[in-house]
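# fold the following, please.
(4 chains)
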There are 2 protein chains.
Amino acid sequence: MDEPAKSPRNAEATADRIVLAAQKIFHQKGYDGATTREIADLAGINLTLINRYFGSKLGLFEKAVLPHLDLEPLLKGTPDDVAKRLAELYVDTGPKEGFDAFVVLVRSIASKDAGPLLMARLQDHALEPLMNILEGPNKLARATLISTQLAGLVLRFRIMSQLLIDDHEQAEMKRLLATQLHTILAAGED
Amino acid sequence: MDEPAKSPRNAEATADRIVLAAQKIFHQKGYDGATTREIADLAGINLTLINRYFGSKLGLFEKAVLPHLDLEPLLKGTPDDVAKRLAELYVDTGPKEGFDAFVVLVRSIASKDAGPLLMARLQDHALEPLMNILEGPNKLARATLISTQLAGLVLRFRIMSQLLIDDHEQAEMKRLLATQLHTILAAGED
DNA sequence: AGTAAAAGTCAACAGCCGATTACATAGAGC
DNA sequence: GCTCTATGTAATCGGCTGTTGACTTTTACT
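Model (predicted):
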């Protein structure tokens, strides 16, 4: 049960531990709810190292969370592929452990400090990629309706996840969602 | 531009002023971001009256916000009516002034104190009413997909509302959304 | 071995927050 | 007019937060 032998005086490794701990705490409590002391404790490092390595709490947030707020990796393939992948991924009643940047987004959107950063990032790395894979007319309207549906699903299944769901209902939900997404994604196809 | 002549020593009127101010501040900053001092200043009353009349900040939140978190009034009429009404209401790029309980919800969902109250209330006064107006099978799945879409739209148009939208795109969005909602709402009709 | 820089530690500051206690004032009923 | 109570005010407490400056320890290099 010894400590993991904290490799001696390695700045890079220390910064990594801080980032890992920050992701976990930001995920659980959002930006405002997270405290630098709690992050430091979880990382097993001294509080002041956060400011030394990242300048400020907000600087740490930018390094630990913002880069992972990106929808693009999920949008490869045909409209069919994308619709099924998103349905499978976002209708998920599984355990909520780990780190999810979109959960952090919803839990931090009201923050005076982190909110503006999140909105700008979402614009460039969620709505834009979504518009770029669409064919046909009304790209903005269609991309918006998809992104809002996904945002709502994050809220429902990854934040308000206490309400359990029957397996059959869950399967039906995935089917309905995939159909809904496909309708919008393929609206411009022949 | 005088003050509204604070009627002398009227407890009920004072409590009302506090509620009004609380709604405005909670709307703007969410539960954690709002401070009792700011609410008291806006209401033009002494800070301690909040605790006297409502017990605590959370008590004020329960009286000022929770009762307005109710989807039922919007669900009257035929599926056609409901779909068009929701599309018109939730795809709205208008000014974000006033008080909207669903905005408060999204901005407070991460709060350790207010979060649980909001989740319970949403379950009883949003998902339940939605399920009750549905005919046919898979009520939970369909009601969930509608509620998540609406939640996402709140986030997009009432919180991340800085991005303006072309009139044509907005009209198209309403049309698409109404179709989408109607498909789910009327899934059990003949 | 000696030195200088990097890495880590310690103590504390200044500010804000919700809540409480004790005190002052006005109004209603007799 | 007096008193009791409801209403409003002032001062402050204890706690938490992000951040900073001064100090100590380790590592790398000559």
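
# give the contact list for A:Arg107.
A:26-27, A:29-31, A:33, A:159, B:109-110 (C-beta atoms under 8 Å, 6 or more residues apart in numbering or on different chains). From N, CA and C alone the C-beta is placed, and that goes for glycine too.

# touching DNA strand D at all, the helix or strand encompassing it?
Take DSSP states H and E as the rule and A:Arg107 turns out to sit in helix A:101-108. No: taking C-beta under 7 Å from any atom of the strand as the criterion, helix A:101-108 and DNA strand D are apart, separated by no less than 12.1 Å.

# quick revisit: from the contacts of A:Arg107, which land in helices?
A:26-27, A:29-31, A:33 (DSSP state H).

# near chain B, which of those residues show up?
A:29-30, A:33 (C-beta under 8 Å from any C-beta of the partner chain).

# top of the residues you listed by number of neighbours, please.
Using other C-beta atoms under 10 Å in any protein chain shown as the neighbour test, those are led by A:Gly30, with 27 neighbours.

# is it correct that that one is in contact with A:Val104?
Yes: using C-beta atoms under 8 Å, A:Gly30 makes contact with A:Val104 at a distance of 6.7 Å.

# need the residues of chain A near DNA strand C, please.
A:9-11, A:14, A:45-49, A:52.

# in TSV: those, plus pLDDT, secondary structure and distance to DNA strand D.
Listed next are these as TSV, based on pLDDT from 0 to 100; DSSP: H, G, I helix; E, B strand; the rest coil; distance: C-beta to the nearest atom of the strand, whole Å:
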residue	pLDDT	secondary structure	distance to DNA strand D
A:Arg9	83	coil	4
A:Asn10	87	coil	8
A:Ala11	86	helix	10
A:Thr14	97	helix	12
A:Ile45	97	coil	12
A:Asn46	98	coil	9
A:Leu47	98	coil	5
A:Thr48	98	helix	4
A:Leu49	98	helix	9
A:Arg52	97	helix	7
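
# report the buried members of those.
A:14, A:45, A:49 (16 or more other C-beta atoms under 10 Å in any protein chain shown).

# show me the contacts for the last one.
It stands for A:Leu49. Contact partners of A:Leu49, counting by C-beta under 8 Å, 6+ apart, are A:14, A:18, A:40.

# run the last query once more with 10 Å
Applying C-beta atoms under 10 Å, 6 or more residues apart in numbering or on different chains, we find A:Leu49 in contact with A:11, A:14-15, A:17-18, A:40, A:43.

# give me the below-cutoff pLDDT ranges for chain A.
A:1-7, A:190 (pLDDT under 70).

# quick one: which two of the residues of chain A next to DNA strand C are the most distant?
A:Asn10 and A:Leu47 (18.7 Å; C-beta to C-beta).

# how many neighbouring residues does A:Leu66 have?
Per other C-beta under 10 Å, the neighbour tally for A:Leu66 reads 18.
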